[in-house]
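Asks: Provided below are the primary sequence and the corresponding predicted coordinates.
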Amino acid sequence: MHRLIAAVCLVLAACSSGPRELGQASGDRPVAPVLTGDDARDDSSFARPEIARVVHVALDLDADFEAKRLSGTATLDIEAVAAAEEIVLDSKGLEIEGIFDADGRPLPWSLGEGDARRGQPLTVRLGDTRRIVIRYRSAPEADALQWLSPAQTAGKRHPYLFSQGQSILNRTWIPTQDSPGIRQTWEARITAPEPLTVVMSGERLTPEGEPVPSGAEGPAGAGRRAFRFRMDRPVAPYLIAIAAGDLAFRPLGPRTGVWTEPAMLEAAARELADTERMMEAAEALYGPYRWGRYDMIVLPPAFPYGGMENPTLTFLTPTLIAGDKSLVGTVAHELAHSWSGNLVTNAVWADGWLNEGFTTYFENRIMEALYGEERAAQEAALSWDEMERALAELGPDAPGTRLHNPGDEGDGASGIVYDKGAIFLRTIERAVGRQRFDSYLRGYFDRHAFQPMTSARFLGDLREHLVRGDAGLESALALDDWVYRPGLPANAARPDPAAFAEVDRAVRAYAAGGSETDLPYAGWNTAERIRFVNALPRDLSIERLGALDRAFDLSQSGNSEVLFAWLQLALANRYEPAVPAAERFLLGMGRRKFVSPLFETLVGEGDWGRPIAERLYARARKGYHPVTTASVDRILQAATDPD
Ligand code: BES
Ligand code: ZN
C-alpha cells in the first residue's frame with residue numbers, strides 16, 4: 001500500500017504545477033518529482049521514469065589502477081507504478097556480472113540495442129522488488145573516467161583517477177537512469193590503494209579513510225583504504241563525481257577549502273583565497289547555500305574543462321592558477337551552479353541554457369560584488385564578444401542560436417547557451433530594475449529548489465511572478481523570441497562601451513600603423529589583454545607579430561587565457577616562432593576549450609599547419625581525456641577526409 005501511494009505521488013507530483021516539499025515520500029529520504037510532458041522528455045536517456053525510476057544509488061566500488069576499472073556493486077532503490085514489471089537504466093560499456101534482489105536472488109536482465117552516443121538500455125525485470133543490486137565493472141576506456149599515470153601528475157609518483165559526468169558520461173561507470181530530470185540521493189564506499197585519498201561530490205564520512213582487511217578486495221598485498229560518502233539531497237546523476245590521488249587539503253574559510261596534490265597546494269590556496277567571500281556574496285544575492293561545504297579540487301592538467309560544478313566539491317583545471325586571481329571568474333561560475341544547475345536543474349540538455357546562461361549571469365554578479373563594477377563590466381563585454389562570435393560562426397538564423405535548442409545534446413555552442421543566455425537575463429534585469437529582478441530570482445530558486453526545470457516552466461514562472469499581466473512589460477521583454485527564435489532580439493542589453501574604451505582606442509591606433517611601443521600593454525589587466533589580442537587585425541605580418549611577441553613576451557605568457565588568444569592569432573598567421581609555445585601548451589594540458597580550437601586553427605593552415613597538428617597530436621593524444629580526444633579526432637579526421 002505504501003508503495004502504491006508513492007507511485008501515485010510520483011505521477012501526481014509530475015502533473016501538479018505547484019512545488020512539492022522534500023521529504024514527503026518513500027521512508028525518510030527526500031524524493032524529487034520527475035516532470036512529464038514533451039518538453040521534459042530526455043532523448044539522451046533510455047529511462048522511462050513514468051513507469052519506474054531510481055530514487056537512491058548506493059555504490060560499493062574498488063578502484064583498480066592496474067586494470068583501470070571500478071568494480072563492485074550499485075544498489076538502486078526504485079519507485080514504480082504498481083503494475084511496473086521492469087525498470088530501464090542507462091549503461092555504456094558496463095560489464096555486468098549479475099543483478100539481484102535485496103535477498104540475493106538473481107533477476108533477469110538484458111542489454112538492448114543502443115547507439116554509440118547513448119550506450120544501451122539496461123532492462124531489469126523487477127517482479128515486486130523495489131531494490132536491486134547490480135554487480136559490475138566499468139570498462140578501461142569508460143568515457144567518464146580518466147586514469148592518469150604517475151607521469152601525468154604533478155608529484156610523478158602516484159596514479160590518479162577523476163571522473164567527468166556531464167552531460168551523459170556517468171553511465172560509463174554507474175548503472176542508473178542517467179538523466180538530469182531524474183534526481184537521486186546517493187551514498188558510496190570506495191576502496192583505493194594507499195596512500196591515495198578518495199574524494200567525491202558529497203559529504204565525507206571518513207576523513208582519514210578506513211583500513212580494509214588485506215585480501216578482502218582488490219589485488220592482494222597492496223594496503224587499501226575505504227572512503228565513505230553521502231549525498232542526502234536529491235541530485236541529477238551527472239553530478240556524482242569521484243577523484244583519487246595523492247591529495248592534500250587546505251581550509252580557506254569555515255565552509256571552504258581546496259584539495260590538490262601537495263606540490264600545488266600553496267599556489268592553489270593563494271589563488272582561491274576569495275572563495276568564502278564569493279559564497280557570502282552569492283548568498284546575499286539568491287539565498288542560502290544549501291549544500292553544506294563548498295570545497296574545490298584542482299586536478300591535473302588533463303582535466304578537460306575549466307571547471308565542473310560537482311556538488312560540495314567543484315572540480316577545477318590547474319590552468320586557472322595564474323598567480324594573480326585573474327581567472328577566478330570560473331570559481332564564481334562553478335559556485336553559482338550551486339543554485340542554477342544543482343538546485344534548479346535543466347530537465348533536458350536542450351534547455352542547457354537554464355544551467356549555463358543563468359550561471360554566467362550569476363557569475364558576473366558575484367564578480368561585481370567582489371571586485372567591483374569595472375571588472376564585471378569588462379567580463380560582461382568579453383561574454384558579449386563570445387556571443388557575437390558564435391552568431392557570426394553559426395549564422396544569425398541558424399537553429400543552433402536558439403536558447404531552447406532541441407538539437408543540443410549537452411555540448412551546444414557556448415556563445416549561445418552561456419553568453420546569449422546570460423544576456424537574456426541581463427536584458428530582463430535592465431527592463432525591470434535590479435532590485436525587482438533579484439527578488440524574482442531569489443524566489444525562483446526557492447520555489448523550484450531540488451527540481452528539474454524546462455524553458456516553458458521558467459517562462460511560466462516568470463510571467464506569473466514578475467510580469468504579472470503587465471502587457472507593456474510583456475511586449476518589451478520579447479520573452480518567446482529570446483527563448484525560441486534564432487538570432488539576437490533587438491532589445492538585448494548591450495555591454496558598456498566604456499569597459500574597453502582605452503584598449504579599443506589603442507588597437508585602432510596600432511591597426512592604423514602605430515608602433516607596439518605606444519601600447520600601454522604592461523598596465524592592462526587580464527581582461528584588457530584578452531580583449532586586445534582578440535581585437536587585433538586578424539592578419540598581421542610575421543614582422544609585426546614578432547615585434548608584439550618581443551615587446552610583451554606573449555608566447556611566454558603564464559596566463560592560459562592570454563596565451564590561448566595569442567596562439568590563435570599567431571598560428572593563424574603561420575608565425576613559426578610561436579610553434580614551440582603551442583607545443584608546450586598542447587602537451588602540457590588537455591582542456592578542450594583551448595585544445596580543440598588550436599588544433600582547428602592549425603588544421604585550417606593547410607600544408608603549413610596540418611603536419612604540425614598531426615605531429616603534436618601523435619604525442620599529446622594519449623594524455624587527453626576522452627572528451628577532448630573526441631573533439632580533436634573529429635577535427636583531424638575532417639582534415640584528412642573532407643567528405
Ligand atoms: N558545467 C560546465 C562544464 C560542462 C559543460 C561540462 C558542458 C560538460 C558539458 C561548467 O560549469 C563550465 O561551464 N565550465 C567552463 C567555465 C566557465 C567559467 C565558462 C569551462 O569549463 O570552461
Ligand atoms: Zn557552467
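Replies: That came through, no problem. Residues are numbered from 1 along each chain as shown. Ligands and ions are numbered 1, 2, ... in the order given.

Asks: could I get the pLDDT score of the residue lying closest to P300 once chain neighbours are set aside?
Replies: Nearest non-adjacent residue to P300, counting by Cβ to Cβ, 6 or more residues apart in numbering: T153, 5.2 Å away. Every C-beta, even on glycine, is put in place using the N, C-alpha and C of the backbone. You'll see T153 listed with a pLDDT of 97.

Asks: relative to ligand 2, how far out is T153?
Replies: When distance is defined by Cβ to the ion, to the nearest Å, T153 is 26 Å away from ligand 2.

Asks: and for that residue, the neighbour number?
Replies: Neighbour count of T153, defined by other Cβ atoms under 10 Å: 21.

Asks: which residues touch it?
Replies: 159-160, 245-246, 261, 300 (Cβ atoms under 8 Å, 6 or more residues apart in numbering).

Asks: what's the farthest-apart pair in these?
Replies: Farthest-apart pair in those is P159 and E261; separation 11.9 Å (Cβ to Cβ).

Asks: chain neighbours aside, what residue packs nearest to the residue of the chain found nearest ligand 1?
Replies: Closest to ligand 1 within the chain is G306: 2.9 Å, counting by Cβ to the nearest ligand atom. Spatial nearest neighbour of G306, excluding adjacent residues (Cβ to Cβ, 6+ apart): T330 at 4.8 Å.

Asks: which helix is the longest one in the chain?
Replies: helix 373-394 (DSSP state H).

Asks: show residues contacting the helix or strand the residue nearest to G306 falls within.
Replies: Taking DSSP states H and E as the criterion, T330 maps to helix 329-336. Outside helix 329-336, the residues that touch it by Cβ under 8 Å, 6+ apart are 272, 274-275, 278-279, 282, 294, 296, 306-309, 314, 316, 320, 358-360, 362-363, 366-367, 370, 379.

Asks: please repeat the previous calculation with a cut-off of 6 Å.
Replies: Here helix 329-336 makes contact (Cβ atoms under 6 Å, 6 or more residues apart in numbering) with 278, 282, 306-307, 309, 314, 320, 359, 362-363, 366-367, 379.

Asks: restricted to helices, list those.
Replies: Under the assignment DSSP H, these contribute 278, 282, 359, 362-363, 366-367, 379 to helices.

Asks: distance to A63 added to these, as a markdown table?
Replies: Formatted as a markdown table, the ones in helices among the contacts of helix 329-336 follow (distance: Cβ to Cβ, whole Å):
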| residue | distance to A63 |
| --- | --- |
| M278 | 32 |
| A282 | 33 |
| T359 | 31 |
| F362 | 34 |
| E363 | 33 |
| I366 | 35 |
| M367 | 37 |
| E379 | 38 |
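
Asks: among these, who's most crowded?
Replies: Busiest of those [other Cβ under 10 Å] is E363, holding 29 neighbours.

Asks: and the pLDDT at that residue?
Replies: pLDDT, E363: 98.

Asks: ligand 1 contacts on the stretch 201-350 of the chain?
Replies: Within the stretch 201-350 of the chain, the residues that sit near ligand 1 (Cβ under 6 Å from any ligand atom) are 305-309, 329-330, 333-334, 337.

Asks: just flag the most distant two among those.
Replies: For those, with distances taken as Cβ to Cβ, the pair at the greatest spread is M308 and G329 (15.1 Å).

Asks: element containing the residue located most distally from the centre of the chain?
Replies: Within the chain, the residue lying farthest from the chain centre (Cα atoms, centre = their mean) is G513, at 42.4 Å. For G513, there is no host helix or strand (DSSP H and E).

Asks: what's the distance between it and ligand 2?
Replies: Distance of G513 to ligand 2, computed by Cβ to the ion: 41 Å.
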